[in-house]
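[1] Model the following, please.
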Amino acid sequence: MTPKPLPLIATPGPRAGRSRMTCTFRCGNACAHPAPNRSGNPYIGDLLSGVVARRTVLRGAAAAGATVGVAAGVVTSPSTAAAATGLSAAAAALTFSPVAPNKRDNVTVPVGYDYDVIVKWGDRVLPGAPAFDAYHQTPEAQAQQFGYNCDYVSVLPTGERGRALLVVNNEYTTETIMFPEGDYSDNDIRRISIQAHGLSLVEIRRGSRPGSWERVPVAQTTLNRRITADTPMRIVGPAAGAKRLRTSYDPTGRHALGTFNNCSGGTTPWGTVLTGEENFNYYFDISDGIAPRHAESYERYLLNGEETRGWGQVDPRFDLSQEPNEPFRVGWIVEVDPFDPESTPRKHTLLGRFKHEGANIRVGPAGHVAAYMGDDEKGEYMYKFVSRRRWRDSDSPAARRHNLRLLDEGTLYVARFNGDGTRDDVYDGRGKWIPLASDTESFVDGMTLEDVLIDTRLAGDAVGATSMDRPEDVDVHPQTGKVYAALTNNDERGIGFPVNEANPLGHSMIRDELGEPLYEVKGNRNGYVMELTEADNDPRSTTFGWVLMLVCGDPEAPETYFAGYPKDRVSPISCPDNLAFDPAGNLWIATDGNALGSNDGMFAVPLTGAQRGRVRQFLTVPVGAENCGPLISRDGRTVFAAVQHPGEVDGATFEDPASTWPHTDRFPRPGVICAYRVDGGRIGT
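    Numbering: from 1, shown residues only. Sure thing, here's the model as predicted:
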């Protein structure tokens, strides 16, 4: 089979609000292919007919509960997480004036707010890095400069007053708008792009205005680091050393090279960062057929070589015909020690291999650690890992060594959702965490421990997990312990996947209370936000309750729902992606692929009290961009966000861009911003 590298100008059809260019460079146009989950898993509970009734008001308030180990991206003790916020649930009111939907080529923030660009593509990260020059890029330079298309954002205090370490994923590259036409060969572009992937670690310090931040000059820090698709990694956990992880240049199966297509992530209570390897499949070419023994696994992960980045032409590890085991070494959660620039990142096999959006940590009442994860593809599953050992709340070297092993011993679960079987005003029900494997054994008939961890999707198929609508960020409330999941969209719901109470919007006719037809819904195009409560508020529990808190879309559409809040008082929201919490306990939502016709952005919504469900838009990002992050500082005075792929619009080129944000050059440069109140007050209030 001859590899088909990505074109210079993307042509496949778009999905939801994404451009053709985004579909191509983000995930190899995965949505144009039939979803790889064709298990036909039945929904465990009453299937709906596909007819959705108008909603009435949801009554009842969220319960209070446990504490967790991470508050707003800054490490805290689980025993003090609620106190560390400095605010109570009663202070959760949001008072900013919502930003109106728009198509501006800029970041738009509410009246009384401003924003700064902290760092952008090509900025110097390491001391030896040259100044950025788009016309003279090299792999060596890019490996020392800030990477492209930033996504997950973590900010960790360094211990020095007024300073912190910014850790950012660089998910993928958009070559069409990165390189001047004719200045580089195709293989030069590929070699540079390999170095533009991974992570960028940059020390920052407080700026001149309260809430603002800026980069620390490169010469004044030793913490900056670049991690690329070539950086040495360790493979750890029960599958390390498995035969399917061995390659010609790593016969041990324990030492991988690089991480790429890193989407979201998580920050651990022990001060490390977790980054999720997502759409890894389209990085691999097939030059001369595949090994038949891998056919089922390849198919389940869309490893078909039909549209690729062509990296196999510059590095044989990306050619499945030469290195058939290489893709099994990608698709993991990678742990990075941000404060040790010489440390080797570790790929955790016990957290399963799939298209990880990220992993967010909760420390339970007894000290056990849970990691919540989503597999970001249509019809895929939600997962949870629970550690066998307890977290040690100490900075001692012994405690740190102990905590760094927490993700290597425990149990991996997949979720099954049951509807409550009633046609009440709410989509809700119960669920069960089904064990897949521990660090010592498989719980899936016919699959070994190594098989479950390497082919985790197939394991989920086998135990009857519930297919969901692109489960992306799955995050934990720092005060209540409730779990929130962004289910972005699925245009095949109701066709390839059954409509059910957890995934109610399929291809269906919307009717009013009298049964009269209103209009047809063509799949779940705008997404949901799910709220999940573990039994006994303990992450070790194997049962939970759930409710669709938000059914996103145009508030005027009858199928939308905002936790029962009056719909004429909320902002339109489409395609929720990443989640965060502020110190007052409000949920913040970043969107990806707005299907309502305006730019993507960031939204805030209270989770308790009379304002529960009142969605307000806080900012919008530039033309063609996605809003990533987000992160609200622990003092509540800064919103950090990543502006990913500005100008990623069909037909745009380097010479003829659709955006020039952040307006420092004649072409776009993805970057990380901080937004703040000009009077120095707390965000949102």
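
[2] how close does residue 617 sit to residue 110?
    Taking Cβ to Cβ, to the nearest Å as the measure, residue 617 falls 9 Å from residue 110. Bear in mind the C-beta positions are built from the backbone N, C-alpha and C, glycine included.

[3] Looking at the two, which has the bigger crowd around it?
    Taking other Cβ atoms under 10 Å, residue 617 and residue 110 do not tie; residue 617 has more neighbours (25 against 18).

[4] List the residues that contact the nearest residue to the more buried one once chain neighbours are set aside.
    Closest residue to residue 617 apart from its sequence neighbours, by Cβ to Cβ, 6 or more residues apart in numbering: residue 571 at 4.1 Å. Counting by Cβ atoms under 8 Å, 6 or more residues apart in numbering, residue 571 touches 98, 101, 555, 603, 615-617.

[5] Filter the residues you listed down to just the buried residues.
    Burial by neighbour count, judged by 16 or more other Cβ atoms under 10 Å, picks out 98, 101, 555, 603, 615-617 from those.

[6] Nearest to residue 179 among those residues?
    Nearest to residue 179 among the buried ones among the contacts of residue 571: residue 101, at 32.3 Å, using Cβ to Cβ.

[7] that older thread, tabulate the buried ones among the contacts of residue 571 (a markdown table), appending secondary structure and pLDDT.
    What follows is the buried ones among the contacts of residue 571, written out as a markdown table (DSSP: H, G, I helix; E, B strand; the rest coil; pLDDT from 0 to 100):
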| residue | secondary structure | pLDDT |
| --- | --- | --- |
| 98 | coil | 98 |
| 101 | coil | 98 |
| 555 | coil | 97 |
| 603 | strand | 98 |
| 615 | coil | 98 |
| 616 | strand | 98 |
| 617 | strand | 98 |
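
[8] Can you tell me which of those residues is closest to residue 283?
    For the buried ones among the contacts of residue 571, the nearest to residue 283 is residue 603 (32.0 Å; Cβ to Cβ).

[9] What distance do you get for that closest one to residue 435?
    Distance from residue 603 to residue 435, by Cβ to Cβ: 35 Å.

[10] which helix in the protein runs the most residues?
    helix 186-196 (DSSP state H).

[11] Can you name every helix or strand that the helix or strand following it contacts?
    Of the helices and strands lying after helix 186-196 in sequence (DSSP states H and E), the nearest is strand 198-206. Applying 3 or more Cβ pairs under 8 Å, 6 or more residues apart in numbering; DSSP states H and E, one finds that strand 198-206 contacts strand 113-120, strand 163-170, strand 213-215, strand 225-227.

[12] can you list contacts of the last one?
    Surrounding strand 225-227, the residues in contact under the criterion Cβ under 8 Å, 6+ apart are 125-126, 143-145, 147, 195, 198-201, 259, 336, 338, 341, 345.

[13] following it, which helix or strand comes up?
    strand 232-236.

[14] Mind checking the pLDDT average for the next helix or strand after that following strand?
    Counting by DSSP H and E, the element after strand 232-236 in chain order, helix or strand, is strand 255-257. Average pLDDT, strand 255-257: 98.

[15] Pull up the pairing partners for strand 255-257, direction included.
    strand 232-236 (antiparallel) (DSSP bridges).

[16] for the partner strand, what is the average pLDDT?
    Rounded mean pLDDT across strand 232-236 is 98.

[17] Which parts of it count as buried, going by neighbours?
    Neighbour-count burial for strand 232-236, counted by 16+ other Cβ under 10 Å, picks out 233-236.

[18] Can you list the residue ranges for strands in the stretch 451-600 of the chain?
    468-469, 471-476, 483-487, 507-511, 517-522, 528-534, 543-551, 561-562, 576-581, 587-591 (DSSP state E, counting those that start in this stretch).

[19] Which strands or helices does the first one pack on?
    Read it as strand 468-469. Counting by 3+ Cβ pairs under 8 Å, 6+ apart, strand 468-469 packs on strand 378-380, strand 483-487.

[20] can you put those strands in TSV and add mean pLDDT, mean neighbour count and distance to residue 531?
    Shown next, in TSV, are these (pLDDT from 0 to 100; neighbours: other Cβ atoms under 10 Å; distance: least, Cβ to Cβ, whole Å):
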stretch	mean pLDDT	mean neighbour count	distance to residue 531
strand 378-380	95	25	20
strand 483-487	98	26	6
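
[21] so where is the stretch 201-350 of the chain shaky, pLDDT-wise?
    Regions of the stretch 201-350 of the chain meeting the criterion pLDDT under 70 are absent.

[22] and the longest helix of the chain, how far out from the chain's middle?
    Chain-centre distance of helix 186-196: 24 Å, with Cα atoms, centre = their mean, to the nearest Å.

[23] so what secondary structure elements neighbour it?
    Partner elements for helix 186-196 (3+ Cβ pairs under 8 Å, 6+ apart): helix 139-142, helix 175-178.

[24] and with 6 Å instead?
    helix 139-142 (3 or more Cβ pairs under 6 Å, 6 or more residues apart in numbering; DSSP states H and E).

[25] Just the buried residues of the helix it packs on, please?
    Applying 16+ other Cβ under 10 Å to helix 139-142 flags 139, 141-142 as buried.

[26] State the next helix or strand along the chain beyond it.
    strand 150-157.

[27] For that following strand, buried residues please.
    Going by 16+ other Cβ under 10 Å, strand 150-157 has these buried residues: 150-156.

[28] what do you get for stretch 114-128?
    115-125.

[29] for the residue nearest the centre of the chain, what are its contacts?
    Geometric centre of the chain, nearest residue: residue 264, 3.2 Å, by Cα atoms, centre = their mean. Residue 264 is in contact with 152, 276, 357-358, 473, 578, counting by Cβ atoms under 6 Å, 6 or more residues apart in numbering.

[30] that older thread, wait, which of the buried residues of strand 232-236 is closest to residue 657?
    For the buried residues of strand 232-236, the nearest to residue 657 is residue 233 (34.5 Å; Cβ to Cβ).

[31] Show me what that closest one bridges to in the sheet.
    residue 256.

[32] what does residue 674 give?
    Applying DSSP bridges, one finds that residue 674 bridges with residue 116, residue 640.

[33] returning to that earlier point: looking at the strands of the stretch 451-600 of the chain, which is nearest to residue 228?
    strand 576-581 (22.8 Å).

[34] what pLDDT, on average, does that closest one get?
    97.

[35] same check, this time on stretch 146-161
    In this model, stretch 146-161 carries a mean pLDDT of 97.

[36] That stretch: end-to-end distance?
    End-to-end distance for stretch 146-161: 24 Å, by Cα to Cα, to the nearest Å.

[37] measure residue 534 to residue 403 for me?
    From residue 534 to residue 403 the distance is 22 Å (Cβ to Cβ).

[38] These two: which is more packed in?
    residue 534 (25 against 22).

[39] Can you give me the distance of that one to residue 411?
    The value you get for residue 534 to residue 411, if Cβ to Cβ is used, is 14 Å.

[40] low pLDDT regions in the protein?
    For the chain (pLDDT under 70), the answer is 1-17, 42-92.

[41] switch to 90 and redo it
    1-93, 305-307, 420-425, 491-492, 494-496, 507-523, 558, 684-685 (pLDDT under 90).

[42] show me where it has helices.
    20-27, 81-84, 139-142, 175-178, 186-196, 295-300, 397-403, 449-454, 456-462.
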